[in-house]
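S.K.: have a look at this prediction, sequence included:
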Amino acid sequence: MVTRARWVISERGLQSLSCAGVTTGWLRAWLHAAGADETDVSLLESANWQDEADDWQLFFATESELKTVHAAVSDAADITVFELDDPVRRGTCYRRERGISILIPLGDIVFQRLLYLRLLTTGQSLRPLYICADEMQPLQLESGISGSLKLPATTALLNNSGLMLEEQVIAVLRRHALLLRTVESCTAGMIAARICRVPGASSVADRGWVTYSNTAKHEQVGVPEQLIQQYGAVSEPVVRAMAAGGAAAGCVSVAVSGIAGPGGGTADKPVGTVWIAVGSAGADINSRCLHLAGARHEIQAKTVVAALQLLISDVTDKEMR
């Protein structure tokens, strides 16, 4: 039997997701992990969800917008109320004859997702959800990341627990009792911002620098001026110096410098050329060059993914040595 699931999200709900930096692709993937075979997303305002024979429907909207939905499913035989934080609010689960409807008021639906997913699985464990640092798997999550319910034959596997990248980074850093420092040029603070989406990020987030100008690279993290003059800001020597300048005892430093476009590229360094590096005090610097495609915001987003992926592999590899 095929299980059909649908997210029904209002315009205000989509705005909330956008502010949180979360795509509907992630929401759909978590439903697949809970056991859905088919997933879709509809606008609450379209009202077409009332005509769909879905097994699961999850609504994300304001309290006032959900009043209409409450009235439409109020004949359910079993009703469960559950509490969510950030902000404190109540969700409702209606078990109907033909399926389940879960109503969630606006707020965090990402980091407390197990609370409502367990209502769909009736206590069963979620299926493994393989998260990969590429866009080749069937579940499209965001720029640079995709997912699959089957173990993919790829070296870009990040985790098999459906964790968002920032959740995995925090878990890895906590396990190794490390703090994180960021030195960002082309991403302008996006790495630090992504980590700090997660509740409790203060346990690993130490500090960060947005060293967009060459002067900032020199003054803030000690990149030698002659290094920039000789190799250019977007180069391996400079990004390695940025990572080294941010490193300290008990801290791991991640640095990025690149050309996000749409202008600024050259024949030697076209738009999409990005250098990333990870380092810690007393250890070798791990660096990599990326050649990315897409619009400016896509290059920036893919750079964040690649930098955090390098961070995870660097810390994990050092553990295994």
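M.R.: Ah, there it is.
S.K.: low-scoring stretches of the protein, by residue?
M.R.: Flagging of the chain using pLDDT under 70 yields the residue ranges 318-321.
S.K.: confirm that Cys93 sits in a strand.
M.R.: Yes. Counting by DSSP: H, G, I helix; E, B strand; the rest coil, Cys93 falls inside a strand.
S.K.: what's near enough to touch it?
M.R.: Taking CB atoms under 8 Å, 6 or more residues apart in numbering as the contact definition, Cys93 lies against Ile79, Thr80, Val81, Phe82, Ile100, Ser101, Ile102, Leu103, Tyr116, Leu119. Where you see a C-beta, it was placed from the backbone N, CA and C, and this is true even at glycine.
S.K.: which one is it nearest to, not counting chain neighbours?
M.R.: Spatially, and ignoring its direct neighbours in sequence, Cys93 is nearest to Thr80 (4.2 Å; CB to CB, 6 or more residues apart in numbering).
S.K.: ok but the one you found is inside a strand, no?
M.R.: Yes. Residue state for Thr80 (three-state DSSP) corresponds to a strand.
S.K.: and it, how close does it get to Arg98?
M.R.: With distances defined as CB to CB, to the nearest Å, the gap from Thr80 to Arg98 amounts to 17 Å.
S.K.: neighbour count winner among those two?
M.R.: For Thr80 against Arg98, the residue with the higher neighbour count under other CB atoms under 10 Å is Thr80, and the figures read 13 against 8.
S.K.: residue contacts, the more buried one?
M.R.: For Thr80, counting by CB under 8 Å, 6+ apart, the contacting residues are Thr92, Cys93, Arg95, Leu119.
S.K.: which among those residues gets closest to Lys302?
M.R.: For Lys302, the nearest member of those is Leu119. The distance, counting by CB to CB, is 34.6 Å.
S.K.: look up how far Leu31 lies from the nearest residue to that closest one once chain neighbours are set aside.
M.R.: Residue nearest to Leu119 in three dimensions, not counting chain neighbours: Cys93, with 4.7 Å by CB to CB, 6+ apart. Relative to Leu31, Cys93 is positioned 14 Å away (CB to CB).
S.K.: and if you look at Val110?
M.R.: Between Val110 and Leu31 the distance is 13 Å, computed by CB to CB.
S.K.: got it, and Leu114?
M.R.: Look at Leu114 and Leu31: by CB to CB, they are 13 Å apart.
S.K.: do Leu165 as well
M.R.: Leu165 sits 19 Å away from Leu31 when distances are taken as CB to CB.
S.K.: ditto for Leu84
M.R.: Distance check for Leu84 against Leu31: by CB to CB, it reads 17 Å.
S.K.: which residue of this structure sits farthest from its center?
M.R.: Residue farthest from the centre of the chain, counting by CA atoms, centre = their mean, is Asp75 at 37.4 Å.
S.K.: which one is Gly265 nearest to, not counting chain neighbours?
M.R.: Of all residues not flanking Gly265 in the chain, Val271 sits nearest, at 3.8 Å (CB to CB, 6+ apart).
S.K.: assess the claim that the one you found and Ala260 are in contact.
M.R.: Yes. With contact defined as CB atoms under 8 Å, Val271 counts as touching Ala260 (7.3 Å).
S.K.: these two: who's more crowded?
M.R.: Neighbours per residue (other CB under 10 Å) separate Val271 from Ala260, with Ala260 holding more: 26 against 20.
S.K.: doesn't that one lie inside a helix?
M.R.: No. For Ala260, which was evaluated using three-state DSSP, the result is coil, with no helix membership.
S.K.: name all residues that make contact with it.
M.R.: By CB under 8 Å, 6+ apart, the contact list for Ala260 reads Cys186, Val271, Gly272, Val274, Arg296, Ile299, Gln300, Thr303.
S.K.: could you dump these into TSV with secondary structure and distance to Ser148 added?
M.R.: Listed next are the contacts of Ala260 as TSV, based on DSSP: H, G, I helix; E, B strand; the rest coil; distance: CB to CB, whole Å:
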residue	secondary structure	distance to Ser148
Cys186	coil	30
Val271	coil	30
Gly272	coil	26
Val274	strand	26
Arg296	helix	29
Ile299	helix	25
Gln300	helix	25
Thr303	helix	23
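S.K.: buried subset of those residues as a ChimeraX selection?
M.R.: Only the buried members of the contacts of Ala260 end up in this ChimeraX selection, burial being decided by 16 or more other CB atoms under 10 Å:
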select :186,271,272,274,299,300,303
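S.K.: out of the contacts of Ala260, who's nearest Glu135?
M.R.: Minimum distance to Glu135 across these is 13.6 Å, recorded for Ile299 (CB to CB).
S.K.: surely the closest one meets Leu292?
M.R.: Yes. Using CB under 8 Å, Ile299 is in contact with Leu292, at 4.7 Å.
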